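K.L.:
Prediction below, plus the sequence it came from.
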2 protein chains.
Amino acid sequence: MDFRSENFDININLSLPSLLITNNMKKWLPRFSSTSTPLNETVNRSLDKQVKLAVTGLSRSGKTVFITSLVHQLLHGLGTTTHLPFFQIASSGRLRGTKAMPQPDMHIPSFLYDSAIEQLCGDPPTWPKPTNGISEIRLAIRYLSDNPFFKHLSPISTLYVDIIDYPGEWLLDLPLLELEYEQWSEQIARACEIEPRLSLSKEWRIFLNNLNLADEADETVMRQAANLYTDFLHQCKQHGLSLLQPGRFTMPGDDLKDAPLLKFCPLLEIPQIPQNTYNENSLFAEMKKRYNSYKEHLVKKFYEEHFSSFDRQIILADVLSAFNNGHATFVDMRDAINMVLKSFHYGKSGLFNKLFGGLKIDKMLFATTKADHVTPDQLPHLETFFQNMLATSHNNAIFEGVQTETLALAAVKCTQAAYTMFEGKKISCIKGVPLKSDKPVALFPGEVPPNVPMPEEWVKGRFHFVEFKPPRLANVHGGGLPHIRLDRALEFLLGDKF
Amino acid sequence: MDFRSENFDININLSLPSLLITNNMKKWLPRFSSTSTPLNETVNRSLDKQVKLAVTGLSRSGKTVFITSLVHQLLHGLGTTTHLPFFQIASSGRLRGTKAMPQPDMHIPSFLYDSAIEQLCGDPPTWPKPTNGISEIRLAIRYLSDNPFFKHLSPISTLYVDIIDYPGEWLLDLPLLELEYEQWSEQIARACEIEPRLSLSKEWRIFLNNLNLADEADETVMRQAANLYTDFLHQCKQHGLSLLQPGRFTMPGDDLKDAPLLKFCPLLEIPQIPQNTYNENSLFAEMKKRYNSYKEHLVKKFYEEHFSSFDRQIILADVLSAFNNGHATFVDMRDAINMVLKSFHYGKSGLFNKLFGGLKIDKMLFATTKADHVTPDQLPHLETFFQNMLATSHNNAIFEGVQTETLALAAVKCTQAAYTMFEGKKISCIKGVPLKSDKPVALFPGEVPPNVPMPEEWVKGRFHFVEFKPPRLANVHGGGLPHIRLDRALEFLLGDKF
């Protein structure tokens, strides 16, 4: 256990202000713990640890299912030593039990675990409804300490895990903080020059081309432009694209739906004449004003209020769906992840250090979900592919002090490995109930290329990974949900905290 | 015109920092204004005035219709000098035109005037959908100044009117700031001892009675209790009751719907044993914690961020619907209004002065809406009745420096005066299309008692004021919507600002 990373010394000092804590502590603290109960409790509490686990994902990556399964594993999957073999605290038998606790932040919506698990374990089971906005859940994990010193003082310790769920779209707003309205507009305009955005943006572009940016800003025109741009973003989402900026346009929430700071859009052509010849009431000036207001009120606020307190970050993506949707969708997903990583940039010149004085996050997990949609022998390929996809960022970004990991996992395993015959030979396949069917089928899901295929190799129909229904489970509280490699994720994210 | 109330001198000083503004101003400023255009513009802007008009109402008082009509009158009703006879700036012919402007607060949802007026003036016309939460719209009214000094300097001035719309329920949260959780619980418990709350609260009360408040707080139990209490509030609302606390429970908005600070409820019996014997994780402690968090995060925040900047306040109520619903509903409405007024309490000991360092509001209008649902000869009775209803507050509350006014008005007049025969004699009645009909009918709507009837006089069926459909209008932008006494409201609220 690394004391520095835990801030253990500091915790104790803060909790026991009246006691002089020195290196002599070992001599007298154990004696003390057996005689004075209330003070012992104080000591215990000071030894308890807390970790804030932030979970986000690109659209339709299965974030809600991931969190639901994570919570379920911790609540019900710790009973046997075999269900989570790579999660050492569980497999070593040192875990004593987990329970849900009232969350610390009253104004953050709760992650509705109960209703999610109800849907997932219903008869018939259904995928839980995706969450909107931010939500939170707190778990308390009680375990046997193996620290030679602390286990005398307090054999049972508690790790409080706060899981915070927020939309991937909010993460994609981060790069806006470094961009002026004009620069951002140019990025979007360039993206709209190629398919599929070229076709999807047509209506919005025609409307925009008919506007005179020097005209006085008219609320109706601003709203029409913003609504057409929002429609375009929704269509991009439908199309499987990941780069949807500004992120709040597609998920505004009741409180902001009709607010002016969501009623602007980028421009296709940035006026070349000096800005100050535009009247402060002009369409151009008002668009720019709202963009800046969006950054100030929404983007910065989220990072200041929430992001800066996260200890660990999980970013989920569904690479298989990108395969299905073709080369452009894949490139878009790759660019989205890399764009976020670039803003994180942990070095001294990084955005976070400049704006928020640095981040706490010391571990980052990138996971591609739905790994049960390929045959077990393809799993290493999927993982290699995902690693290659992120290679640019891994090499270029200076992740000073941040440990990163890539994984292919299934939060809830919906398929079983099976075999079928192909040209007289046994071939690996998977068996499960496809989303649009009622009967289980055994199918050969296709091969995952370990390297990114050339654009011309993404021929239509080459990739077609099928989505499945959740499995029917007889005794859901008897053990954790079936999964693939969720234990590795847990070990990476929490293992060092016990 | 009262210069002190306008802060005129201060405005000028702020806008022209490089000029020495003294009492000698009159001598040189007019000369100056004719030679230097940009500076003249700066001067003009410094002479423009701004007023923040806050509109709220008890549930179903017709707040959205009121604001829509108010905006429509200002945009289209100023062309003739006869449409708004009591609004002097209009009837004197000094108005030059009004237009909607981009609102100043980017993060507040816009009041969707366009879609409201579209519904109201559609064919068939429909009542606009009620608004949720807070919203805002800015109008700029250009008028001919009649101030002997300023009219030389700048003959056309602009008054910016920001109309801010927020739920009456939020206003009813104000008294919570003065109440501890235990005190508030007791108030609610007492209200639930009598009908109709006694019956409506049954399910929630049974659930609550089966809880042990010393038990450890369980999230599922907390949510069940809160949901049952929220259901009860919704039923109260259906029943026409006004006192619905906490106000956000019935209209939470997406962003807070599942947040813990909306997941508590009052208690029926406050534990008599000292609080500190309750564990900090107990159900009782957690309920109290959330109540305090609600006050801190929602109630205080609204008053700090918004309320403190309001200049004028309009409170709408629908007294006629209270007549229809019987004595208990009437009493509830009266108590709700008086409770709010008591918290306003403008004197030195008032809540606002204690918590927020005083309020800007200097005029308050109480209006009972839908005055077109009674015959014109009953209008004075309706107004007298409403005045009597508020008499307690008018007398007791120390409205230091705040001018109050009561009015009966119809934001959109749906009926015409007509006559019918009763026992051989002509009797006043009204003609309009009832909400549940397609044909216009002439009906005698019943008499309004000028004084509050005794409880036993509220016999079932004595009062039955019918709701009407909006009128069909041929040329909606040719003049303001038909109304009753909206011009008096405008004169009271804005008249002194021109």
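P.N.:
Received it, and whenever you're ready, just let me know what you need. Small disclaimer: the values here were computed from a predicted structure and weren't measured.

K.L.:
Low-confidence bits of the stretch 251-400 of chain A, can you list those?
P.N.:
Counting by pLDDT under 70, the ranges of the stretch 251-400 of chain A that qualify are A:272-277, A:344-352, A:392-400.

K.L.:
Which stretches in it count as strands?
P.N.:
With DSSP state E, counting those that start in this stretch as the criterion, the stretch 251-400 of chain A has strands at A:312-317, A:363-368.

K.L.:
what's in contact with stretch A:413-433?
P.N.:
Among residues not part of stretch A:413-433, those counted as contacts by C-beta atoms under 8 Å, 6 or more residues apart in numbering or on different chains are A:372-377, A:439-445, A:468-471, A:481-484. Heads up, the C-betas are built off the backbone N, CA and C, glycines and all.

K.L.:
Also near chain B: which of these, exactly?
P.N.:
Among the contacts of stretch A:413-433, no residue is within reach of chain B (C-beta under 8 Å from any C-beta of the partner chain).

K.L.:
now these: which count as buried?
P.N.:
The neighbour-count criterion (16 or more other C-beta atoms under 10 Å in any protein chain shown) marks A:372-375, A:440, A:443, A:445, A:468-471, A:481-484 among those as buried.

K.L.:
Show me which of these is closest to A:Glu193.
P.N.:
A:His373 (33.4 Å; C-beta to C-beta).

K.L.:
Would you confirm that that closest one contacts A:His464?
P.N.:
No: the pair A:His373 / A:His464 is not scored as a contact, 10.5 Å apart, by C-beta atoms under 8 Å.

K.L.:
Could you give the number of residues near A:Ala417?
P.N.:
A:Ala417 has 13 neighbours, counted by other C-beta atoms under 10 Å in any protein chain shown.

K.L.:
Remind me which helix or strand it belongs to.
P.N.:
Taking DSSP states H and E as the definition, A:Ala417 sits inside strand A:416-422.

K.L.:
Neighbouring strands - and their directions - for whichever helix or strand comes after that strand?
P.N.:
Counting by DSSP H and E, the next helix or strand C-terminal to strand A:416-422 is strand A:425-432. Next to strand A:425-432 in the sheet, as set by DSSP bridges, lie strand A:416-422 (antiparallel), strand A:441-443 (antiparallel).

K.L.:
So for B:Gly122, which of these sits nearest?
P.N.:
Comparison of the strands paired with strand A:425-432 against B:Gly122 by C-beta to C-beta identifies strand A:441-443 as nearest, at 51.9 Å.

K.L.:
Touching the closest one from outside, list them.
P.N.:
By C-beta under 8 Å, 6+ apart, the surrounding residues in contact with strand A:441-443 are A:Ala418, A:Thr420, A:Cys429, A:Ile430, A:Lys431, A:Gly432, A:Val433, A:Pro434, A:Val466.

K.L.:
how far does the longest helix anywhere in chain A sit from the chain's center?
P.N.:
Under DSSP state H, the helix in chain A containing the largest number of residues is helix A:219-238. In terms of C-alpha atoms, centre = their mean, to the nearest Å, the centre of helix A:219-238 is set 26 Å apart from its chain centre.

K.L.:
Can you name the residues in contact with that helix?
P.N.:
Contacts to helix A:219-238, defined as C-beta under 8 Å, 6+ apart, come from residues A:59, A:196-197, A:200-201, A:203-204, A:207-208, A:211, A:243-244, A:249-250, A:260, A:262-266, A:283, A:286-287, A:290, B:100-102, B:110, B:114.

K.L.:
Which members of the contacts of strand A:441-443 are the farthest-apart pair?
P.N.:
Maximum pairwise distance in these, criterion C-beta to C-beta, is 16.7 Å, between A:Thr420 and A:Val433.

K.L.:
between these two, which one's more packed in?
P.N.:
A:Val433 (19 against 14).

K.L.:
Quick check, pLDDT for the more buried one.
P.N.:
pLDDT recorded at A:Val433 is 91.

K.L.:
Just read off the phi/psi values of it.
P.N.:
Dihedral pair for A:Val433: phi -100, psi 110, per degrees, to the nearest 10.

K.L.:
how close does it sit to A:Arg472?
P.N.:
Noted for A:Val433: a distance of 9 Å to A:Arg472, by C-beta to C-beta, to the nearest Å.

K.L.:
Over to A:Ala489?
P.N.:
Separation of A:Ala489 from A:Arg472 (C-beta to C-beta): 24 Å.

K.L.:
cool, A:Lys342 as well?
P.N.:
Using C-beta to C-beta, we find A:Lys342 at a distance of 43 Å from A:Arg472.

K.L.:
Who has more neighbours out of these two?
P.N.:
Higher neighbour count among A:Lys342 and A:Arg472: A:Lys342, with 17 against 12, using other C-beta under 10 Å.

K.L.:
So the more buried one sits against A:Leu172, correct?
P.N.:
No: applying C-beta under 8 Å, one finds A:Lys342 not in contact with A:Leu172, separated by 11.8 Å.

K.L.:
Secondary structure class of A:Phe463, three-state.
P.N.:
A:Phe463 falls in the coil class when you classify it by DSSP: H, G, I helix; E, B strand; the rest coil.

K.L.:
give me the number of residues near it?
P.N.:
When neighbours are defined as other C-beta under 10 Å, A:Phe463 has 21 of them.

K.L.:
tell me which parts of chain A are close to chain B?
P.N.:
Along chain A, the residues adjacent to chain B under the rule C-beta under 8 Å from any C-beta are A:100-103, A:105-110, A:112, A:114, A:132-133, A:135, A:217, A:219-220, A:222, A:253-261, A:263, A:281, A:286, A:289-290, A:293-294, A:297.

K.L.:
Sort out which of the residues you listed are in helices and list them.
P.N.:
In helices, judged by DSSP H, the following of these are found: A:Asp114, A:Glu219, A:Thr220, A:Met222, A:Glu286, A:Lys289, A:Arg290, A:Ser293, A:Tyr294.

K.L.:
Can you pick out the most distant pair from those?
P.N.:
Farthest pair in these (C-beta to C-beta) is A:Asp114 and A:Glu286. Separation: 45.1 Å.

K.L.:
Looking at these two, which is more packed in?
P.N.:
Neighbour tally, A:Asp114 and A:Glu286, criterion other C-beta under 10 Å: the higher count belongs to A:Glu286, 24 against 14.

K.L.:
Spit out the contact partners of the more buried one.
P.N.:
By C-beta under 8 Å, 6+ apart, the contact set of A:Glu286 is A:Ala217, A:Met222, A:Phe264, B:Pro102.

K.L.:
of the residues you listed, closest to A:Glu118?
P.N.:
A:Glu118 lies nearest to A:Phe264 out of the contacts of A:Glu286, by C-beta to C-beta, at 40.2 Å.

K.L.:
tell me the contacts of the closest one?
P.N.:
Counting by C-beta under 8 Å, 6+ apart, A:Phe264 touches A:Met222, A:Ala225, A:Ala226, A:Glu286, A:Met287, A:Arg290, A:Tyr291, A:Tyr294.
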